[in-house]
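Asks: this is a predicted model, with the sequence first.
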Amino acid sequence: MSYREIYQIENEKAKERYNLVLERIRQAAAKPETQERFTDYFQRTAQFILLSADVLDMEGKGELEHRSLTECEQLNRRLYEDILPHNYDCSYANPAYAAAKLGAEFGGALCFLYTECRALIAYAFEGRLADMTILLELFVEVYTCFCDSNGTDGEEIRRILYWHFHDYSEILVTQSVRESIDPQLDFFTGIVRHADFNQLTYLYRYGEYISDNEIKTAEYLSGLSAEQIQAMADTFTEGYRIGFEVTNKDLSKKKTVSIHYAIGFERVVRAAMQNFAKLGLKTVIFRDAISSMGNKGHGKRGCYSAAANRQFDFDHRNDNAWYLDKAFVERRLEVLREAYETYKEAASVFAGPAVQEVFGEEPFAPANKKEAAHYDEKQQKLLVYYANQAGQITNQYIKGEERSFTIIAYPLPAIGDDYEQIFAQTVRLNTLDYMLYRNMQHRLIQVLDQAERVHITGQGGNRTDLYVSIWKLERPDEQTAFENCVADVNIPVGEVFTSPVLKGTSGVLHVTGVYLNELYYKDLELTFTDGMVTSYTCANFTDPEENKRYVHENVMMQHETLPMGEFAIGTNTTAYRMARDFQIADKLPILIAEKTGPHFAVGDTCYSHAEDTKVYNPDGKEIMAKDNERTQIRKEDASKAYFNCHTDITIPYDELDAITAILPDGSTIDVIRDGRFVVPGTEQLNIPLEQ
């Protein structure tokens, strides 16, 4: 069955309800029956819903696939114009504007409702009438309250929103699980397979916001030769295959892979799909989150475009606070398990994600709005609890010891006038000499494996002064504490990393500026005591409490503390040189930035849920440092072993003073001194730094 056939069954059941509720919305669009201060909100929202309904009608008639480029551009603009930056100050999707116009009692809830209704765009382009009906009925239920001559209150509206998400959590969660592992849902793979790359109209078939980034990316890639495109795809898929090989996992048992990519890269994705097919894998592609139920606004995954407005995404990143409570979390966990049980066969043959990231947009420093939804203390604890439990459930059906991944990144045209040169340099980064780096990194590991602790210090304005404890090896001739990471799952080449021993890992980690998960941090500082974060701050805002809250929500991921899950030394000085030459250091993704200096991850280790799988370096030594004191309790109480997050924080070479190995007898060996590699045999790494 295709996605059309699958959705058609539910659509037929909902058609009568859809027509009835749509008629009520037409009346609201023409003349809302509410108090005057709410008229504009309900009229504009109803008109947007009717526009989405028109798109659904076009989809049903097959008209979306046969539009001119001008028609595509016009409709895309109409669907997204309300949330674009130059209109956002007067949009009901803006929590501050909604509160000002509708009042504090109703502004937040109605802003949330309108934002949820924007998921109708995706539903319409996919022909999902049944899913649209559910949202339309929610809108009409709220609208009817405001038409009551006796009026309504904020608590009644909150109750309606609350029960909507509780009642429909089973449908929404089940759909989300299926989309991530079932190749029968082929809406996106169909676009990639059948697109005419000479006609940019295919970009608009997704229903996502299409900007210059998507258009210029597609145009640039269309000008590359078939050989160049194939080489990019080969780097991507071969890294995925090698990931299974080096971790001794059997790829032949798997049947599906999910590709994550930015719209505009379809030529590369099509070639990658063909490569995966040769490996016996069908491709699954799903859409980036469109609802608060899908963790909207917390980073891009699946198929996505550049954000129409990053402030809009930031404003609504915590929207599930409107209905998040203990009952909802327990119900969602219950239906998550039921969904995986329903699709357990598909889950068992899922090999893992192949991720293609993009970078190049200006660093985003958001405005924190008091009117936006915020989690209270109980909800923060519930989020941590849910992430932990959901991670365990997922791992039962998609086992960590059997799956792998790969990840690669390319620039967007937004990076500036040097886009084509930067793109070419990035392709070069992704194909650097595997053996050259493997051998130099082996030299680093030979020194680091002797260490009891490693001391890292910053220079200039960098205040880092940190000690990291290293796993003690019982048989140094056969064992190692560091993985020699070249270019398989984690592209480009260039790092050695370990899971630190928490006890004795203490001190201050500081960076003057860093870009993490699409958000910018100025003077980010974390203090560790025995491997756990004990304090944190940044300097984005004038209010110290606001700075702490920003880090707590977006780096600590609502946890009161996190362990240091990884200590690594990035060796890709070529990437560092590229960043400095083109002045794009603040635009690099973590994937590349982590290779441009030492980095430290807060959260889980790199071996999360796969600690018992034997892994070896190219020299044959077994990697022993896959656990820490927290993950070691996983067999007694997995809920306390994992944090379900992992955020890398990199110190760039120009802020780095030294990395020194401290041996058990107290003697020391420098790995880096004055920002330069000093281990014999690694001198070539300094060449880009000296240029």
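Replies: Received it, and whenever you're ready, just let me know what you need.

Asks: please count neighbours and contacts with C-alpha atoms only from this point.
Replies: Will do.

Asks: I659 and D674 touch, don't they?
Replies: No. I659 sits out of contact with D674 when judged by C-alpha atoms under 8 Å, with a separation of 9.2 Å.

Asks: those two: which is more packed in?
Replies: Legend: neighbour count by other C-alpha atoms under 10 Å for I659 and D674, higher for I659 (25 against 16).

Asks: using the three-state scheme, assign the more buried one.
Replies: Under the three-state scheme (DSSP: H, G, I helix; E, B strand; the rest coil), I659 adopts strand.

Asks: before we move on, what about V447?
Replies: Following three-state DSSP, V447 is assigned to helix.

Asks: so what's it scoring on pLDDT?
Replies: Note on V447: pLDDT of 97.

Asks: check contacts around it.
Replies: A661, I669, V671, V679 (C-alpha atoms under 8 Å, 6 or more residues apart in numbering).

Asks: residue boundaries of the strands in the stretch 351-500 of the chain?
Replies: Here the stretch 351-500 of the chain has its strands, by DSSP state E, counting those that start in this stretch, at 406-411, 453-458, 465-469, 479-480, 483-485, 495-498.

Asks: so which elements touch the fourth one?
Replies: For strand 479-480, the elements it packs on are strand 622-623, judged by 3 or more C-alpha pairs under 8 Å, 6 or more residues apart in numbering; DSSP states H and E.

Asks: next helix or strand past the longest helix anywhere in the chain?
Replies: For the chain, the helix with the greatest residue count under DSSP state H is helix 3-30. Remark: after helix 3-30, the chain's next helix or strand is helix 36-60, criterion DSSP states H and E.

Asks: may I see the buried residues of the next helix or strand along the chain from that next one?
Replies: Remark: after helix 36-60, the chain's next helix or strand is helix 69-80, criterion DSSP H and E. Under the neighbour-count criterion of 16 or more other C-alpha atoms under 10 Å, helix 69-80 has C72, E73, N76, L79, Y80 buried.

Asks: wait, which of the residues you listed is closest to L444?
Replies: The nearest member of the buried residues of helix 69-80 to L444, counting by C-alpha to C-alpha, is Y80 at 50.8 Å.

Asks: which residues touch the nearest residue to the closest one once chain neighbours are set aside?
Replies: Spatial nearest neighbour of Y80, excluding adjacent residues (C-alpha to C-alpha, 6 or more residues apart in numbering): Y209 at 6.7 Å. The contact partners of Y209, taken as C-alpha under 8 Å, 6+ apart, are N76, Y80, S305, A306, A307, A308.

Asks: which among the residues you listed gets closest to E546?
Replies: A307 (24.5 Å).

Asks: contact partners for the closest one?
Replies: A307 is in contact with Y209, D313, counting by C-alpha under 8 Å, 6+ apart.

Asks: between helix 36-60 and the longest helix of the chain, find me the angle.
Replies: Angle, helix 3-30 to helix 36-60, by axes from the mean of the first three to the mean of the last three C-alpha atoms, to 10 degrees: 150 degrees.

Asks: show me what counts as buried in helix 3-30.
Replies: Quick answer for helix 3-30 (16+ other C-alpha under 10 Å): 3-4, 7-8, 11, 14, 18, 21-22, 24-26, 28-29.

Asks: how about stretch 51-71?
Replies: Buried residues in stretch 51-71, defined by neighbour count with 16+ other C-alpha under 10 Å: L51, S52, A53, V55, L56, D57, M58, E59, G60, L64.

Asks: go on, stretch 331-344?
Replies: Buried residues in stretch 331-344 (16+ other C-alpha under 10 Å): R332, L333, V335, L336, R337, A339, Y340, Y343, K344.

Asks: between those residues, which is nearest E546?
Replies: Here the nearest of these to E546, counting by C-alpha to C-alpha, is R332; it sits at 30.6 Å.

Asks: which residues touch that closest one?
Replies: Under the criterion of C-alpha under 8 Å, 6+ apart, the neighbours of R332 are S169, E170, V173.
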